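Colleague: My questions are about this predicted structure, shown below with the sequence.
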Amino acid sequence: MVNEESKHKSGFVSILGEPNVGKSTLMNALVGERMSIITRKPQTTRHRIVGILSGDDFQIVFSDTPGYVIDPAYKMHESMNRFVHQSYDDADVFLYVLDLTKPFQEDHPILEKLRGSQVPVVVVLNKKDLVEESTTQQLRDHLKTILPSATVCMISALHQTNTQELLEAIHQLLPLGPVYYPKDQLTDRPERFFVSEIIREQILELYHDEIPYSVEVAVESFKEDESRKGPLIRIRALIFVMRKSQKAIIIGKGGSAIKELGIRSRKEIETFLDSHTFLELHVKVKENWRDDERLLKHFGYKK
Ligand code: GDP
Ligand code: MG
């Protein structure tokens, strides 16, 4: 008799790579949900985000790490780096994502780390839709010499080309293991976390220059309620900025900017939660939130 339990494969897969190479896009393509926010601006992913992909005989727990900040300027950056290191510690497979449109960085610290590690590596050459395949041969040959045991997959995360082959490669490398999460669960993050990420994503779209990098969003309350039109979720979110002048920009003339932010965010949140939503936004000045241990803890940068 075959023992089904003993054939189950599972593991933690860390998605590593420079900002903007397509890590979040890839995780969304693989997990099939809007798990982490994607924009054209670098450093949008600040937290470790877990996406879970389950099949009958396997479970893959992905973490999409923030980009590695080489010169940490703030405590926040140090915390971001710590998340990257954490994912080195508990990974069963590494996905090292490279952007085919960028020059290959031979001396990158992540590469150094991977070369010294026992954990199997899949090198994901992403954005194949933007380059001629023939121009990639040299890089692929080169990778064979520097990471001889790695599997190399060339994909387009955006167009979901070759992502099934990539999944197949990951599945091959997974160890036998238990079911870590219920099979229908897609993430280990609570809904309110995604709500704050959606608001932050809209801030990135709407405001420019230093604003997006100076804010943090915290969902203060999240309540399910009934209204005349049916179920309603009432959300109160705080937007922290570092200076008074930034508060004025967020709010805009006569409140026009924050009104637009509220409308856009609510629309996205309603799609995500599949429920009518009432969204209340408030702006607070908190000069040094990036260096404030207690606030960082509150925002989830520290345990
Ligand atoms: P991350 O910082 O590594 O998480 O990168 P993102 O997933 O946020 O992607 C950065 C940018 O690259 C976004 O504008 C994506 O739409 C784009 N992108 C990601 N994958 C691909 C791809 O396969 N092809 C193309 N053309 N663009 C991509
Ligand atoms: Mg990202």
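Modeller: Thanks, I have it. Ligands and ions are numbered 1, 2, ... in the order given.
Colleague: Which parts of the protein are strands?
Modeller: Counting by DSSP state E, the chain has strands at residues 9-16, 49-55, 58-64, 93-99, 121-126, 151-154, 216-227, 230-241, 276-285.
Colleague: Counting by contacts, list what the shortest one packs against.
Modeller: With contacts defined as 3 or more CB pairs under 8 Å, 6 or more residues apart in numbering; DSSP states H and E, strand 151-154 has these neighbours: strand 121-126, helix 137-146, helix 163-173. In this view, the C-beta of every residue, glycine as well, is placed from N, C-alpha and C.
Colleague: so which of the ones you listed comes closest to Ile258?
Modeller: Nearest to Ile258 among these is strand 121-126 (35.8 Å), distances taken as CB to CB.
Colleague: Give me the contacts around the closest one.
Modeller: Residues from elsewhere that reach strand 121-126 (CB atoms under 8 Å, 6 or more residues apart in numbering): 17, 21-22, 25-26, 93-100, 114, 136, 139-140, 143, 147, 149-157, 166, 169-170, 173.
Colleague: Just checking that strand against ligand 1, any contact.
Modeller: Yes - shown here: strand 121-126 in contact with ligand 1 (CB under 6 Å from any ligand atom) through Asn126.
Colleague: who does that strand pair up with?
Modeller: strand 93-99 (parallel), strand 151-154 (parallel) (DSSP bridges).
Colleague: what about stretch 227-243, distance to the chain center?
Modeller: Distance of stretch 227-243 from the chain centroid (CA atoms, centre = their mean, to the nearest Å) equals 23 Å.
Colleague: Can you give me the buried ones in that stretch?
Modeller: The neighbour-count check on stretch 227-243 (16 or more other CB atoms under 10 Å) flags 233, 235, 237-242 as buried.
Colleague: and His282, how far is that from Leu261?
Modeller: For His282, the distance to Leu261 equals 12 Å [CB to CB, to the nearest Å].
Colleague: more neighbours, the two?
Modeller: Neighbours per residue, other CB atoms under 10 Å: of His282 and Leu261, the larger number sits with Leu261, 23 against 11.
Colleague: I figured the more buried one hits Leu279, correct?
Modeller: No - using CB atoms under 8 Å as the test, Leu261 is too far from Leu279 to be in contact (9.6 Å).
Colleague: excluding its backbone neighbours, what's nearest Ser275?
Modeller: Ile233 (5.1 Å; CB to CB, 6 or more residues apart in numbering).
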